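*Asks:* only the shape, not the letters, is given here:
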């Protein structure tokens, strides 16, 4: 049985439809991340699970029970808000105990549960403080403590790291992951940051304009994107895209890149597009799948001669931008690769990592 | 940045002296009232009168409380002002919370109506109010006067409270609801404690306006329920003004409001929502 099910869920404000028939099964104990650009409906979708937004049509089930008409307090969920939403007039202890007090839990049990949650998050020494006397990271922990203390069926996180600085964000991100390993609670986590999504999720739900574009493990999302949008949203820097057309050369299906480079296709891809000769497509390849020709790659990998535009040293690696007609390609190389801008170098492409997308629909043409 | 050193003399003429003059202008009438109330009535109009009293006496106050029904008038004022605070706060808090938190049909129109009511001079409402109160047999009663004072107190208090509620992030209500509160419980247990300084400020505003109100108090009441402002006014006779009693009454009347302010001014400026959210 799924912990949370969304069945054909719609949401509209007045006449504007913001969620277009979402279907999703979230398994017990699973860490699900909703990711997408701002305005894609990810927060709205989670708030509907929480009961903070009405459901226009469809059904939401928690633990097999339809919760459409249940208020948030009866859904057995806990939520960590983007701005933490700690009660400013209550101490850390009372903030964490509030939910238990409302449920008339015996005092001794409250004390034990709050102690246990605080020990997990190492915030016991803050019990008597008011939220205004806490740092951002401490507030974040107290907010998480308030959520785990009740041991709810579902944890909801609404962009919980977006108010922390970069260093603290990495630290808390790791803590959230550890926490989930320990508690194994079903979790829905909303973020616009694909790094958070990739590192935390069991499965990622990529949303765009109120529609689920793809659901999959981080590996599937990264290596087998079903849509150009997913490919372009994940990875940093994201996948390179080049306009291309499918051509047939002596019976062999090839790609004609805009810059009139001819690119032979691996067998799986050429079979996938052999019906589409003459069609406009988009060719995609990730920066790490570009290799230098002199690094002894397999001899049959297709080669391109590209002009270096600029280099971005990242410390452990260098990002090299190449010009390819109007498009540009980014390659990710070791930090010893430092070609001078303006020089022409030979680059080979890993044929097993090539992606083709339909120009109009953006759907992938690969067969995974 | 230029850091100019201002000489003490310049500072005195540009800052301290103008400030002292403004304060003196504002506080002058009250000082005069206080000083006059402490002078014997006989010396007020004597030929060798002075600004400061030669003899300080409390005879005006003794006369005020022993010979007139001033204590009873104070009691009436207290009942009416407190009643207006209780009624005004309970209505304006719930109204303002709905305006702040819910989006419903007619919300803007209703809010504008509340604002519009404040734009009419109260004197326009006095005849319809008189007729209504007469029909309800509320003339010259505490309840009538409390209702009358609520007509101008509630709209303004509602607008005041809306801004206080708007300053409280909605995520606080939502967190409370997720934690197990009903919407009303979230307001009561989480939002109201946070807005307490605002509620106190609004309550004091209602108290002061009701305490100082004269027109309704004299037209809709004045016989059985004679509040302070009306009572003080009766000391101004056709041929004679009892200056000693009048100023004494003025001082006593101003005291509760002044004390209230001194008591709560610290709470008013306390930043209660600090630390609620990011920051």
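*Replies:* Looks like it arrived, so ask away. If you're wondering where the values come from, they're calculated on a predicted model, not measured in any experiment.

*Asks:* rest of the way, CA atoms for contacts and neighbours
*Replies:* Fine.

*Asks:* run through who's touching stretch A:252-259.
*Replies:* Identification of contacts with stretch A:252-259 by Cα atoms under 8 Å, 6 or more residues apart in numbering or on different chains yields A:242-248, A:262-265, A:270, A:273-274, A:277, A:324-326.

*Asks:* just want the residue of the stretch 1-150 of chain A that's nearest chain B.
*Replies:* Chain B sits closest to residue A:132 of the stretch 1-150 of chain A, with a gap of 3.5 Å, by Cα to the nearest Cα.

*Asks:* I'd say that residue and residue A:87 touch.
*Replies:* No - with contacts counted by Cα atoms under 8 Å, residue A:132 stays clear of residue A:87, the gap being 9.9 Å.

*Asks:* tell me where the stretch 101-250 of chain B has helices.
*Replies:* Assigned by DSSP state H, counting those that start in this stretch, the helices in the stretch 101-250 of chain B fall at B:107-119, B:122-135, B:142-166, B:170-179, B:183-186, B:192-194, B:196-212, B:215-219, B:228-234, B:243-269.

*Asks:* which of these sits closest to residue A:368?
*Replies:* helix B:170-179 (41.6 Å; Cα to Cα).

*Asks:* near chain A at all, the worst-scoring helix or strand of chain B on mean pLDDT?
*Replies:* Here the helix or strand of chain B ranked lowest by mean pLDDT, DSSP states H and E is helix B:243-269, holding a mean of 81. No - counting by Cα under 8 Å from any Cα of the partner chain, chain A has no neighbours in helix B:243-269; the shortest distance is 13.5 Å.

*Asks:* what about the spatially most central residue of chain A, which SS state?
*Replies:* Ranked by distance to the mean C-alpha position of chain A (Cα atoms, centre = their mean), the top residue is residue A:197 at 3.4 Å. Secondary structure for residue A:197, judged by DSSP: H, G, I helix; E, B strand; the rest coil, is helix.

*Asks:* please report how far it lies from chain B.
*Replies:* Separation of residue A:197 from chain B (Cα to the nearest Cα, to the nearest Å): 22 Å.

*Asks:* ok, back up a step: in PyMOL, select just the buried ones from the contacts of stretch A:252-259.
*Replies:* Only the buried entries of the contacts of stretch A:252-259 go into this PyMOL selection, using 16 or more other Cα atoms under 10 Å in any protein chain shown:
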select buried, chain A and resi 242+243+244+245+246+247+262+263+264+265+270+273+274+324
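
*Asks:* isn't residue A:45 up against residue A:18?
*Replies:* No - the criterion here is Cα under 8 Å, and residue A:45 misses it with residue A:18 at 9.4 Å.

*Asks:* related to what we said a few turns ago, now, the contacts of stretch A:252-259 that are in helices?
*Replies:* A:270, A:273 (DSSP state H).

*Asks:* which of the contacts of stretch A:252-259 fall in strands?
*Replies:* Counting by DSSP state E, the contacts of stretch A:252-259 place A:242, A:243, A:244, A:245, A:246, A:247, A:248, A:262, A:263, A:264, A:324 in strands.

*Asks:* in the chain, where is pLDDT below threshold?
*Replies:* The chain I'm using is chain A. Applying pLDDT under 70 to chain A flags the ranges A:1-2, A:259.

*Asks:* that's the other chain; I wanted chain B
*Replies:* B:1-4, B:264-279.

*Asks:* so after the helix or strand hosting residue B:26, what's the next helix or strand?
*Replies:* Taking DSSP states H and E as the criterion, residue B:26 maps to helix B:17-37. Sequence-wise, the next helix or strand downstream of helix B:17-37 (DSSP H and E) is helix B:59-67.

*Asks:* burial count for residue A:105?
*Replies:* Close neighbours of residue A:105, defined as other Cα atoms under 10 Å in any protein chain shown, add up to 13.

*Asks:* hmm, I typed the wrong one, I wanted residue B:106.
*Replies:* Residue B:106 has 9 nearby residues by other Cα under 10 Å.

*Asks:* cool, and residue B:72?
*Replies:* Count around residue B:72 with other Cα under 10 Å applied: 16.

*Asks:* that one belongs to a helix?
*Replies:* Yes - membership of residue B:72 in a helix is supported by three-state DSSP.

*Asks:* separation between the residue of the stretch 1-150 of chain A closest to chain B and residue A:126?
*Replies:* 12 Å (Cα to Cα, to the nearest Å).

*Asks:* of the two, who's got more company?
*Replies:* More neighbours surround residue A:132 than the other of residue A:132 and residue A:126, with 21 against 17 (other Cα under 10 Å).

*Asks:* quick one on the thing from earlier: of residue A:45 and residue A:18, who's got more company?
*Replies:* residue A:45 (24 against 19).

*Asks:* tell me the SS of residue A:214?
*Replies:* Residue A:214 - assigned by three-state DSSP - is strand.

*Asks:* ok, and the closest non-adjacent residue to it?
*Replies:* residue A:206 (5.4 Å; Cα to Cα, 6 or more residues apart in numbering or on different chains).

*Asks:* please name the bridge partners of the one you found.
*Replies:* residue A:35, residue A:214 (DSSP bridges).

*Asks:* what sits against residue B:246?
*Replies:* Per Cα under 8 Å, 6+ apart, neighbours of residue B:246: B:37, B:232, B:233, B:235, B:236.

*Asks:* measure it to residue B:52 for me?
*Replies:* For residue B:246, the distance to residue B:52 - Cα to Cα - is 18 Å.

*Asks:* about what we covered before: which one of the contacts of residue B:246 sits closest to chain A?
*Replies:* Closest to chain A, out of all of those and judged by Cα to the nearest Cα, is residue B:232, at 43.7 Å.

*Asks:* enumerate every residue touching residue B:40.
*Replies:* Per Cα under 8 Å, 6+ apart, neighbours of residue B:40: B:55, B:56, B:57, B:59, B:60, B:244.

*Asks:* for residue B:253, see how far away it is.
*Replies:* On the measure of Cα to Cα, residue B:40 and residue B:253 end up 20 Å apart.

*Asks:* which ones are touching the residue of the stretch 251-368 of chain A found nearest chain B?
*Replies:* Using Cα to the nearest Cα, residue A:314 is the residue of the stretch 251-368 of chain A that sits closest to chain B, at 31.1 Å. Residue A:314 sits next to residue A:335 when contact means Cα under 8 Å, 6+ apart.

*Asks:* hey, where'd the strands end up in the stretch 101-250 of chain A?
*Replies:* Here the stretch 101-250 of chain A has its strands, by DSSP state E, counting those that start in this stretch, at A:154-158, A:186-191, A:203-208, A:211-216, A:240-249.

*Asks:* can you get me a residue count around residue A:170?
*Replies:* Neighbour tally, residue A:170, other Cα under 10 Å: 14.

*Asks:* columns distance to residue A:230 on top of the ones in strands among the contacts of stretch A:252-259, output as CSV?
*Replies:* What follows is the ones in strands among the contacts of stretch A:252-259, written out as CSV (distance: Cα to Cα, whole Å):
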residue, distance to residue A:230
A:242, 16
A:243, 17
A:244, 19
A:245, 21
A:246, 22
A:247, 26
A:248, 29
A:262, 26
A:263, 24
A:264, 25
A:324, 23
